[in-house]
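S.K.: heads up, no residue letters with this:
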Ligand code: FPP
């Protein structure tokens, strides 16, 4: 992460961001090269490594990666097995480096349909990396936003605590709840596919044309830069409008949510 682009973004006084990524295009990436779809997923793991390495330098403190949707079980068995194997190897192999780097790894999604070996690997990495505070990497496996909401609602009712804050805690199921600030989807597709419907209610959306295996730390920096240029009003008024109205109560958070990144960082041939 030596590029000027990243350094320029890093120099800004950024609050911790929660970025969610729909890592789309592995299969096409493989097919375009005469490789198997599973080889596309393998290349996708390298893009995951680049993204995790770049995230802390961009003011990101929570990164949620959509690795396996509940709908992905519909894929051919060899591809499903290949994806599970890759995820398991990644989780197991990153445990020591993550501990050393102060990175916490947690998994969201259903566990009752995963193999006991995968569940054991997940539980181990979650335990070992729990003290990490530099970055929380949340991997969504067998994840469906609708199912997550139903499960959380049942737990919240059982606990007798049905307000937004306690429901959000139930939804995170111990993985650390944060509203999502920015959702990135690669490969040119422009839909959410059931990704974090509650958490991303006010998220900014960034669509990147690159296929996921080609995604780099620079692309992540561009997405964050694009995010910084957005006027997030959360149903209220922009800072400029508040000033015109003579409202002197704009907070520092409002200011940080405004345009704090140089406009020169906002263009990219591949991202829009
Ligand atoms: C979507 O591309 C990608 C996925 C469903 C899986 C993403 C998985 C990885 C990046 C590898 C493992 C992840 C981790 C966190 C280690 P697609 O297969 O739908 O591609 P296509 O749209 O071109 O067919």
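M.R.: Received, thanks. Every value quoted in this text rests on a predicted model; they were computed, and no experiment measured them.

S.K.: Spell out which residues belonging to the stretch 51-200 of the chain are near the ligand, please.
M.R.: Residues of the stretch 51-200 of the chain lying close to the ligand by C-beta under 6 Å from any ligand atom are 65, 67, 72, 83, 86, 87, 90, 139, 187. Glycine gets a C-beta too; all of them are placed from N, C-alpha and C.

S.K.: now, which of the residues you listed lie within helices?
M.R.: Using DSSP state H, the subset of these located in helices is 83, 86, 87, 90.

S.K.: how far away is residue 182 from the ligand?
M.R.: 18 Å (C-beta to the nearest ligand atom, to the nearest Å).

S.K.: Likewise for residue 48?
M.R.: For residue 48 relative to the ligand (C-beta to the nearest ligand atom), the value is 5 Å.

S.K.: in what helix or strand does that residue lie?
M.R.: helix 37-54 (DSSP states H and E).

S.K.: ok so, going back, most neighbours, which of the ones in helices among the residues of the stretch 51-200 of the chain next to the ligand?
M.R.: For these, neighbours were counted using other C-beta atoms under 10 Å, and residue 87 has the most, 22 neighbours in all.

S.K.: sorry, back to before: for the helix holding residue 48, give me every contacting residue.
M.R.: Counting contacts by C-beta atoms under 8 Å, 6 or more residues apart in numbering, the residues outside helix 37-54 that touch it are 1, 6, 21, 23, 25-31, 33, 63, 65, 78-79, 82-83, 86, 90, 103, 135, 137, 212-217, 220-221.

S.K.: Identify the residues contacting residue 126.
M.R.: 105, 106, 107.

S.K.: wait, residue 215 sits on residue 187?
M.R.: No - Residue 215 is not in contact with residue 187 according to C-beta atoms under 8 Å; the separation is 9.5 Å.

S.K.: pLDDT score for residue 131?
M.R.: Residue 131 carries a pLDDT score of 97 in this model.

S.K.: same check, this time on residue 142
M.R.: Residue 142 is given a pLDDT of 98.

S.K.: Does the helix or strand where residue 92 lies pack against any helices or strands, and if so which?
M.R.: Using DSSP H and E, the element containing residue 92 is helix 77-101. Identification of packing neighbours for helix 77-101 by 3 or more C-beta pairs under 8 Å, 6 or more residues apart in numbering; DSSP states H and E yields helix 37-54, strand 60-69, strand 103-108, helix 116-129, strand 135-143.
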